[in-house]
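Novice: only the shape, not the letters, is given here:
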């Protein structure tokens, strides 16, 4: 079939012509012309009937024609008459902006961009029409509409639309290489993103239309069902302490995207049972527990309306009112609920059942247990994970009466849908555009940096924050940078530059670390290179940032390295943080099986324990964790850490997921120290992969660690004993800090001879303890000497003391 | 509008648009009206809840009932409870009957309205020509 492009042969064009005629000045002129004879006749004969009839007739014809234009000619739903005319495949809003002798692709694209729907898509991509059109015109210079639209038909089939809408046209356009590809890259969007945006826009267009007040559905929502409350008796006591949400639940704005739909169905089944029909809704903060209960009430009421049954009233218990009003809240509740049980079906929602159980007394709890078994009363309790594990699970009489529904945080695509719907709602009111990229950033950043709550709550909160922030600054756009600023505010960290900080920190990390540590060039190089690799890792990582095992004799700088790394890498990120971001665990303390509870906590009432590590990492997710002497740890503790190394998280005793994905984990060990020392005695030149491999073989051979254990770490770092020069350097640095301290406090300058330094270094170094003894050596020699000196000869500020080897009495 | 089109288009116009108009006028619009009527009918039935009202026609009003004495033949007490219960049910019945009547009335109005609308719509072409004849007779 031969294809052509003829906008004038479409219904939409006829509609436009007719509309221009019917709504323009022409119609007024014609009306006057037609009616003048009748007016004259009326004036002549004083008989207005003809005039009235004429006016009536004219008016009715006018309305009929308008109805025809809107309902039939401008409709996008009718099947296309002439498949050979590509123009009739376009949607009406594009045709309305197309001139009747348009034949170029350029004109079609312009019309698509200028339409409201096209404009929406461009806004979501983050580009304005003013910038977009000049870029596009040169590309489509001489192309005719027909071949262009033939290509666009492919997009139409892909998105399964009835007509070619702006989305299809823009999507096809962005598939071109060259300028369009560069534009996409500059906006940081992939073609898949563009497809998503057009799907979104379609959803927005079809589903998000506002119903008129008089439509049957909204009438139903407003007025509900007559007579159902006449069945339920009076119950003042209950009314006082509860709020009825089921009365207006159908009337309130319903969410179109419902998450946890399967859980709602489960809940409805549970509620329908005759016994064991109570529910505990648990989940992390922000996972949508309140909305879940509201959605549940909504679905329940909808079912009841459809099936014509009596309504179940869903009541929210006003716990504060109950507990604070009157002497005996338990008898009050008892009376109210006893009455209710004989009056119809009720669902009582306790919004914070943890609070209810912990602040009410035993009698109140007793009343609750009694009504858990009532026939016509269902109880729904909302609890966060912590309360659930500590208060409910541990109480057998309560736990058996409740069916638990745990709400998982929504996954990324569901969160995106919820966020999108929330965005549509906000955009209606505030007219602030949030680009697609910014919404994705919201989800990414909320996932990585905001640990306290879970999806979808935290994404929605962040969206609201960003939009208010933009409103304050009178911006109409929310871009990814704005999102980063808000996340920085919430997470108390400078997110905007984290990429930058990390990058700069890594570049100078090697030098920075050498400032803290003497020698160990090989070790530092290996660490820096592993961190660089970690940073370049793409994709969702479910492991800690980096994990290392430090092997080597004691006192050569393993702990110092960890401290230096924490300060240099994480220290710059925490804004105003005074605490060094390092969590140190001495595995000697965790050498018994019970010590696992010291790490993850325990809810056993006999042995309560606060999980130290869990809490620290939850509060400071960007930290370095140092596990000293890991070979001393108990097997259970070791397994726990292996799980962390593998999966990047563990779940503590209270059910909270502790996320280690932003931590660096360093384990130190003295295993193989003897081997290292012996090896170095025989081979002077120690560095190199060969040495490391033979060390590891030795370790495995002697059964200290298994190969699986060693493989879990990103890298095994070797610490070599210090050479003589290095020892002297360490001594020098320590002496320097002592001298500086004295100078600062007393103003006395101390000059230490190089021989003295060497002597101190020799004294402070030992094969077994490395340079641990150096501090003591300095104390015993240098500081003692200075102290004696000061006693015998009082000095003033500015005096100089010379210290030689002989003075030190070594 | 281009001057040329006015000559060309009348043929296209008459050939394509007029049949479309007729189809819309006699077929599409009336069916839309009927569908709208049915939707409102359904909504009103749900709002007035006829089935439910009839099922519970004789139920006590707001659960106001009196308990009959279990033991013995205390005629006074039985009489009192009986009176109260009958009264409660009667009141309930009165409320519900009036609700049903109100609902019926509203639906009757709706039906009459929609019926008249549809009739007027379908008859309008006839009326058009008659009225046109009437007023042109006045002119000429």
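Specialist: Thanks, I have the structure now. Just so we're clear, the structure is a prediction, and the values are computed from it rather than from any experiment.
Novice: who touches residue A:42 in this structure?
Specialist: Residues counted as contacts of residue A:42 (CB atoms under 8 Å, 6 or more residues apart in numbering or on different chains) are A:48, A:50-51. Every C-beta, even on glycine, is put in place using the N, C-alpha and C of the backbone.
Novice: could you rerun that using 7 Å?
Specialist: A:48, A:51 (CB atoms under 7 Å, 6 or more residues apart in numbering or on different chains).
Novice: give me the next element, helix or strand, following the helix or strand where it lies.
Specialist: Using DSSP states H and E, the element containing residue A:42 is helix A:25-45. Going down the chain from helix A:25-45, the next helix or strand is helix A:49-68, by DSSP H and E.
Novice: and the contacts of whatever helix or strand comes next after that following helix?
Specialist: Where DSSP H and E defines the elements, the next helix or strand beyond helix A:49-68 is helix A:92-95. By CB under 7 Å, 6+ apart, the residues outside helix A:92-95 that reach it are A:7, A:10, A:12-13, A:74, A:76, A:87, A:111-112, A:115-117, A:166.
Novice: if we go to 10 Å?
Specialist: A:7, A:10-13, A:15-16, A:73-76, A:87-89, A:102, A:108-118, A:163-166, A:169, A:205 (CB atoms under 10 Å, 6 or more residues apart in numbering or on different chains).
Novice: in helices only, show me these.
Specialist: Taking DSSP state H as the definition of helices, the contacts of helix A:92-95 contribute A:11-13, A:15-16, A:108-114, A:116-118, A:166, A:169, A:205.
Novice: and the buried ones among the residues you listed, selectable in PyMOL?
Specialist: Of the ones in helices among the contacts of helix A:92-95, the buried ones can be selected in PyMOL as follows, counting by 16 or more other CB atoms under 10 Å in any protein chain shown:
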select buried, chain A and resi 11+12+13+15+16+108+109+110+111+112+113+114+117+118+166+169+205
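Novice: show me where pLDDT drops low in chain B?
Specialist: B:1-12, B:138-140 (pLDDT under 70).
Novice: residue A:755 is in what secondary structure piece?
Specialist: helix A:754-764.
Novice: who are the packing partners of the longest helix along chain B?
Specialist: Secondary structure of chain B per DSSP H: the longest helix is helix B:75-139. Contacts defined by 3 or more CB pairs under 10 Å, 6 or more residues apart in numbering or on different chains; DSSP states H and E place helix B:75-139 against helix A:25-45, helix A:49-68, helix B:29-48, helix B:50-55.
Novice: for the stretch 251-400 of chain A, which residue gets nearest to chain B?
Specialist: The minimum distance from the stretch 251-400 of chain A to chain B, using CB to the nearest CB, falls at residue A:308 (5.0 Å).
Novice: quick check, that residue in contact with residue B:52.
Specialist: Yes. Between residue A:308 and residue B:52 there is a contact at 5.2 Å, judged by CB atoms under 10 Å.
Novice: and those two? Which one has more around it.
Specialist: Neighbours per residue, other CB atoms under 10 Å in any protein chain shown: of residue A:308 and residue B:52, the larger number sits with residue B:52, 23 against 16.
Novice: for that one, give its distance to residue A:306.
Specialist: Distance of residue B:52 to residue A:306, given as CB to CB, to the nearest Å: 12 Å.
Novice: over to residue A:415?
Specialist: Residue A:415 is 31 Å from residue A:306, by CB to CB.
Novice: tell me which residues touch the residue of chain B found nearest chain A, please.
Specialist: Using CB to the nearest CB, residue B:63 is the residue of chain B that sits closest to chain A, at 3.1 Å. The neighbours of residue B:63, taking CB under 10 Å, 6+ apart as the test, are A:230-235, A:339, A:342-344, B:88, B:92.
Novice: again with residue A:110
Specialist: Listed by CB under 10 Å, 6+ apart, the contact partners of residue A:110 are A:94, A:97-98, A:102, A:104, A:118, A:129, A:132-133, A:136-137, A:140.
Novice: select from those the entry with the lowest predicted confidence.
Specialist: Lowest in pLDDT among the contacts of residue A:110 is residue A:102, which has 82.
Novice: just the helices in the stretch 201-350 of chain A please.
Specialist: A:216-223, A:236-241, A:261-272, A:289-307, A:319-324, A:329-341 (DSSP state H, counting those that start in this stretch).
Novice: the fourth one vs helix A:261-272, what angle?
Specialist: If I follow you right, that is helix A:289-307. Orientation check (axes from the mean of the first three to the mean of the last three CA atoms, to 10 degrees): helix A:289-307 against helix A:261-272 gives 60 degrees.
Novice: picking that back up, of all the contacts of residue B:63, which two lie farthest apart?
Specialist: A:339 and B:92 (19.0 Å; CB to CB).
Novice: between these two, which has more neighbouring residues?
Specialist: residue B:92 (22 against 16).
Novice: skipping adjacent residues, who's closest to the more buried one in space?
Specialist: residue B:61 (3.9 Å; CB to CB, 6 or more residues apart in numbering or on different chains).
Novice: tell me how far the one you found lies from residue B:90.
Specialist: 8 Å.
Novice: which one's more surrounded, those two?
Specialist: Shown here are residue B:61 and residue B:90; by other CB under 10 Å, residue B:61 has more neighbours (19 against 13).
Novice: so what does that one look like in phi/psi?
Specialist: The phi/psi pair for residue B:61 (degrees, to the nearest 10) reads phi -80, psi 120.
Novice: let me have the helices of the stretch 201-350 of chain A in JSON lines, adding distance to residue A:737 and mean pLDDT as columns.
Specialist: Listed next are the helices of the stretch 201-350 of chain A as JSON lines, based on distance: least, CB to CB, whole Å; pLDDT from 0 to 100:
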{"stretch": "helix A:216-223", "distance to residue A:737": "75", "mean pLDDT": "70"}
{"stretch": "helix A:236-241", "distance to residue A:737": "68", "mean pLDDT": "81"}
{"stretch": "helix A:261-272", "distance to residue A:737": "61", "mean pLDDT": "91"}
{"stretch": "helix A:289-307", "distance to residue A:737": "55", "mean pLDDT": "87"}
{"stretch": "helix A:319-324", "distance to residue A:737": "58", "mean pLDDT": "81"}
{"stretch": "helix A:329-341", "distance to residue A:737": "65", "mean pLDDT": "83"}
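Novice: touching, residue A:366 and residue A:357? I think so.
Specialist: No. Using CB under 10 Å, residue A:366 is not in contact with residue A:357, being 11.6 Å away.
Novice: the two: which is more packed in?
Specialist: Taking other CB under 10 Å, residue A:366 and residue A:357 do not tie; residue A:357 has more neighbours (20 against 14).
Novice: Provide the secondary structure category for the more buried one.
Specialist: Of the three states, residue A:357 takes helix under DSSP: H, G, I helix; E, B strand; the rest coil.
Novice: burial count for the nearest residue to it once chain neighbours are set aside?
Specialist: With sequence-adjacent residues excluded and distances taken as CB to CB, 6+ apart, residue A:357 is closest to residue A:391, at 5.2 Å. Neighbour count for residue A:391, taken as other CB under 10 Å: 19.
Novice: which ones are touching residue A:391?
Specialist: So residue A:391 contacts A:353-358, A:383, A:398-399, A:603 (CB under 10 Å, 6+ apart).
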